[in-house]
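Undergrad: Dropping a prediction and its sequence here:
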Amino acid sequence: MSYIGFSEVKFTPNIESVPMGGYAPTRYSTGVHDDLYARAIYFSNGTEEIIIISVEVVCIFYKFVQRMRRKISKQTGVKPKNILISAHHNHSGPDTLGLFDIKGFFTPTFNLEMMTQIELKIVRSAILAKKNAEPGKIGLEKQQFEKRVMLNRRDPQKDTKFDLSVLRVNSDNGEMRGLLTNYACHATTLPRDNTLLTGEFPGYLVRRIKQLTNNKVFSMYTNGPCGDLNPNLYPENEPFHLITKERISKSSYGEFNRLGNYKTTMRIGYSLGEGALEIAKMIKCSKIDDIKVVSEIINVPLKDMMEDNSRKSIMRHISFKFKKLLITTLLNYNRSNMSYVSFIKIGGNWYFQTELQAIKINDILILSIPGELFVDLGKKLISKSPIKKTFIIELGNDWIGYLYPPEEYFIGGYETGIVSFSPVAGIYVYNQMLNLLNQFK
């Protein structure tokens, strides 16, 4: 017998003003636009159990994930490696990293009281999901989403379409009970001067599905490989060839920034939610027969890539060496928020330790990536999967910065700078995930 359970637990911080994540310098909240939630789905085929959790925060460090997994496992019996805790990368939620302000790299500014409150609610969401489990069936379909709701900020003229993946849960009598929607887009529809806590466009997506199903269907969102993908804040009728990189970069604090508002947030969230419901109509569900979870702890080398012997390449290498020295010095003295990143030293070399995870449920494969994966790497991984119905959940179980192809490092950009610990991390994670995929052939 297969069992599936859902839960939705509100975790809106009860602290009057909290640091908000995603932009520098750090902002502090002045109120709440809509409540924040941790949502969980529990799956069981009678012998194996899985819990997938989605949280409306910017990111969560591996150290916190490990602690929450232990607590969840102790109270539910679900193996720690069978628990996936992911973040929406919500730039209008609490700062759960403490690294979005330069001060966080040098002094311990992290709000542990706030994080403890959020952790308790995440753990509770997992416990309730198992407690609420009932007999059920699942199915998944993927369809390219045609509406231009997002763009590639590094190259807006690229094809910006991506699959909308929808996992449907039915009761035994065929009635739809829940949906898990996966898409690839930064949760940054609102400008950096927004100081109201909100679930951003994923929150609107969730609410739209509930509205259109008379609150009878549970809804949850997870983010796909969106490292270089931003919401398209321009009107839907804006000619796409006019949206250039120069136009976006010049208007970061002007035109483009002003287009980010709650009306735009709702438009994008509602559009994706309505699209998910249309896909859900086509999904055929079956009981859960097969569950397989493969995970691997990996040590990502803290090292550079050299393109050539040009002056530009040498200067980039010097910059990386300085950043590495700064990071490792701060770690040695444990005097900053950097101490929450899982750096380790092996044989005189520095690495950061993280985890890759792959979850197979029947003919569905879910890949958990611990950083902000560029879309080209994500699409390549999905194309290499031996299972057709594969989708990626990024920011799964950790945040290790941006994960990009080597050619993007040589192009440059802020993604390859301070928010990138290691230039080789993207290709290293990609290759290690390919090894995991081999176990499903």
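TA: Yes, it's here. Predicted, not measured: the structure shown is a model, and the values here were computed from it.
Undergrad: roughly how far apart are the nearest residue to residue 107 once chain neighbours are set aside and residue 293?
TA: Counting by CB to CB, 6 or more residues apart in numbering, residue 336 is the residue found nearest to residue 107 once chain neighbours are left out, at 6.0 Å. All C-beta spots, glycine's among them, are computed from the backbone N, C-alpha and C. Separation of residue 336 from residue 293 (CB to CB, to the nearest Å): 34 Å.
Undergrad: more neighbours, these two?
TA: Comparing residue 336 with residue 293 by other CB atoms under 10 Å, the one with more neighbours is residue 336, at 23 against 18.
Undergrad: was I right about the more buried one contacting residue 105?
TA: Yes. Applying CB atoms under 8 Å, one finds residue 336 in contact with residue 105, separated by 5.5 Å.
Undergrad: Between those two, which contacts overlap?
TA: Common neighbours of residue 336 and residue 105, counting by CB atoms under 8 Å, 6 or more residues apart in numbering, are residue 330.
Undergrad: For residue 170, see how far away residue 224 is.
TA: Distance from residue 224 to residue 170, by CB to CB: 24 Å.
Undergrad: quick one: which of the two has more around it?
TA: residue 224 (24 against 21).
Undergrad: Look up the closest residue to the more buried one, ignoring the ones flanking it.
TA: residue 184 (3.4 Å).
Undergrad: which residues touch that neighbour?
TA: Residue 184 makes contact with 150, 162, 223, 224, 225, 226, 229, 375, 378, 394 under the criterion CB under 8 Å, 6+ apart.
Undergrad: Identify the residues contacting the fourth one.
TA: Residues touching residue 224, when contacts are defined by CB under 8 Å, 6+ apart, comprise 162, 163, 165, 182, 183, 184, 185, 378, 391, 392, 393, 394.
Undergrad: now with 10 Å?
TA: 162-165, 182-185, 367, 369, 373, 375, 378-379, 382, 391-394 (CB atoms under 10 Å, 6 or more residues apart in numbering).
Undergrad: for residue 178, same thing?
TA: 4-6, 39, 41, 136, 138, 167-171, 209, 213, 216-220, 280.
Undergrad: so where does it fall, helix or strand?
TA: Per DSSP states H and E, residue 178 falls inside strand 176-183.
Undergrad: Got phi/psi on residue 165?
TA: phi -100, psi 130 (degrees, to the nearest 10).
Undergrad: Just give me the neighbour total for the nearest residue to residue 370 once chain neighbours are set aside.
TA: Excluding the flanking residues, the one nearest residue 370 by CB to CB, 6+ apart is residue 398, at 3.5 Å. By the measure other CB under 10 Å, the count of residues near residue 398 is 27.
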